[in-house]
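K.L.:
missing the sequence, but the structure's below:
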Ligand SMILES: [Zn+2]
Ligand SMILES: [Zn+2]
């Protein structure tokens with residue numbers, strides 16, 4: 001069996017279909033085959049075939065294959081017909097082959113170029129543009145909504161029906177004590193009075209060391225030959241050649257690799273046990289009142305005591321005369337608090353969410369920063 005299968009052609013003059021590749025003239029109208037394109041029945045160009053699928057095509061035995069020329073047909077420039085490569089003169093009009101320049105494939109190529117040029121000359125009809133809302137428009141609408149929201153948020157509301165009903169102050173002094181602690185560590189603090197009572201080697205941490213190696217199976221893939229597939233290639237002489245293409249498949253294989261197995265190895269260091277003396281917060285002394293007569297509390301220091309941090313807070317309570325809301329308490333700076341008196345009517349301005357309160361004037365102009373005390 002040869003590598004060739006039979007090709008076919010359609011008569012462009014009378015429309016007769018599926019004329020065999022070994023027939024030079026149309027059996028219906030008698031015209032010599034000219035600018036035709038050969039094909040194989042039930043096969044499209046580039047299609048891959050399994051070996052067993054080849055049997056559906058007319059395969060040529062060696063003797064039949066010998067009857068075709070090795071090369072593509074040549075194309076007569078005078079009568080536009082195809083002639084076997086073996087023929088020196090046109091079977092149709094008798095012109096010399098030397099007066100023609102194109103073979104079957106060159107004829108097809110020129111035909112294709114001619115058709116492309118004609119298509120390019122056609123006026124272009126552009127597809128109508130679909131009307132869609134652009135992503136930019138959607139983005140701008142969302143941005144605008146966010147800006148409107150924040151402008152609204154930044155707006156203030158002012159409460160004007162508030163009366164001061166109470167004042168509070170508190171002042172605190174923390175008392176520190178000089179005390180002994182028992183502690184341990186890898187280093188002894190230098191900034192304190194210490195007395196080392198013991199030291200010994202202890203495990204400070206672990207490092208991973210290689211204990212042994214073990215074999216592990218590591219997968220990897222290889223491409224291996226699986227089978228051939230075939231395409232049918234136009235020979236330009238009425239036949240097509242079966243061309244084999246190897247097809248590969250992916251296989252998983254395993255190889256043995258050595259992998260280190262580690263174990264934790266303890267690391268020893270000297271740990272110190274020591275007594276250490278530090279100033280440490282121990283108690284508070286507090287003074288408070290509900291008027292403007294502030295003072296720091298009297299402090300009596302015991303043995304090993306000293307004054308530590310001082311802290312203070314000043315607050316007032318207001319009640320709503322119209323709205324049914326409970327009393328509210330705010331803290332503020334001492335100098336501003338001194339100006340607030342019981343029975344004062346004041347305005348408090350906050351943002352829309354009721355946060356960031358200020359004492360304000362009637363129009364909402366912020367005057368004194370406040371902090372709301374939540375219970
Ligand atoms: Zn015909
Ligand atoms: Zn001719």
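P.N.:
Noted; the coordinates are in hand. A quick note: this is a predicted structure, and the numbers were derived from the prediction, not measured. Ligands and ions are numbered 1, 2, ... in the order given.

K.L.:
in contact with the residue minimising distance to the centre of the chain, which residues?
P.N.:
For the chain, the residue sitting closest to the mean C-alpha position, by Cα atoms, centre = their mean, is residue 135 at 19.8 Å. By Cβ atoms under 8 Å, 6 or more residues apart in numbering, no residues touch residue 135. Where you see a C-beta, it was placed from the backbone N, CA and C, and this is true even at glycine.

K.L.:
quick one: it and residue 142, what's the gap?
P.N.:
11 Å (Cβ to Cβ, to the nearest Å).

K.L.:
likewise residue 115?
P.N.:
On the measure of Cβ to Cβ, residue 115 and residue 142 end up 51 Å apart.

K.L.:
repeat that for residue 101.
P.N.:
68 Å.

K.L.:
need the residues of the protein near ligand 2, please.
P.N.:
76, 78-79, 90, 92-93, 95 (Cβ under 5 Å from the ion).

K.L.:
so which of those comes closest to ligand 1?
P.N.:
residue 92 (13.3 Å; Cβ to the ion).

K.L.:
can you give me the helices for the stretch 101-250 of the chain?
P.N.:
Remark: helices assigned in the stretch 101-250 of the chain by DSSP state H, counting those that start in this stretch are 104-121, 135-154.

K.L.:
helices and strands of the chain: which one has the lowest mean pLDDT?
P.N.:
Lowest mean confidence among the helices and strands of the chain (mean pLDDT, DSSP states H and E): helix 135-154, at a mean of 88.

K.L.:
tell me how far stretch 149-169 lies from the chain's centre.
P.N.:
Here the centre of stretch 149-169 is set off from its chain's centre by 46 Å, with Cα atoms, centre = their mean, to the nearest Å.

K.L.:
quick check: buried residues in that stretch?
P.N.:
Residues 158-159, 162, 164, 167-169 are the ones in stretch 149-169 that count as buried (16 or more other Cβ atoms under 10 Å).

K.L.:
just the residues you listed: which has the poorest pLDDT?
P.N.:
On pLDDT alone, residue 159 ranks lowest of the buried residues of stretch 149-169, at 81.

K.L.:
that one contacts residue 348, correct?
P.N.:
Yes. Residue 159 is within contact range of residue 348, at 5.2 Å (criterion: Cβ atoms under 8 Å).

K.L.:
other residues contacting stretch 60-77?
P.N.:
Residues contacting stretch 60-77 (Cβ under 8 Å, 6+ apart): 1-6, 22, 34-35, 81-87, 90, 92-93, 95, 97, 99-107, 235-239.

K.L.:
ends of it, how far apart?
P.N.:
By Cα to Cα, to the nearest Å, the extent of stretch 60-77 from end to end equals 31 Å.

K.L.:
what of stretch 228-247?
P.N.:
Using Cα to Cα, the distance between the terminal residues of stretch 228-247 is 6 Å.

K.L.:
report the distance from it to the chain centre.
P.N.:
45 Å.

K.L.:
touching it from outside, list them.
P.N.:
3-7, 9, 20-22, 37-38, 40, 43, 46-51, 54, 57, 60, 65, 68-69, 71-73, 84-85, 103-105, 225-227.

K.L.:
from these, which land in helices?
P.N.:
65, 104-105 (DSSP state H).

K.L.:
what sits against the residue lying closest to residue 74 once chain neighbours are set aside?
P.N.:
Nearest residue to residue 74, sequence neighbours excluded (Cβ to Cβ, 6 or more residues apart in numbering): residue 103, at 5.1 Å. When contacts are counted by Cβ under 8 Å, 6+ apart, residue 103 touches 71-75, 236.

K.L.:
Serialize those residues to JSON lines and add fields for neighbour count.
P.N.:
Below are the contacts of residue 103 laid out as JSON lines (neighbours: other Cβ atoms under 10 Å):
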{"residue": "71", "neighbour count": "14"}
{"residue": "72", "neighbour count": "21"}
{"residue": "73", "neighbour count": "27"}
{"residue": "74", "neighbour count": "24"}
{"residue": "75", "neighbour count": "24"}
{"residue": "236", "neighbour count": "24"}
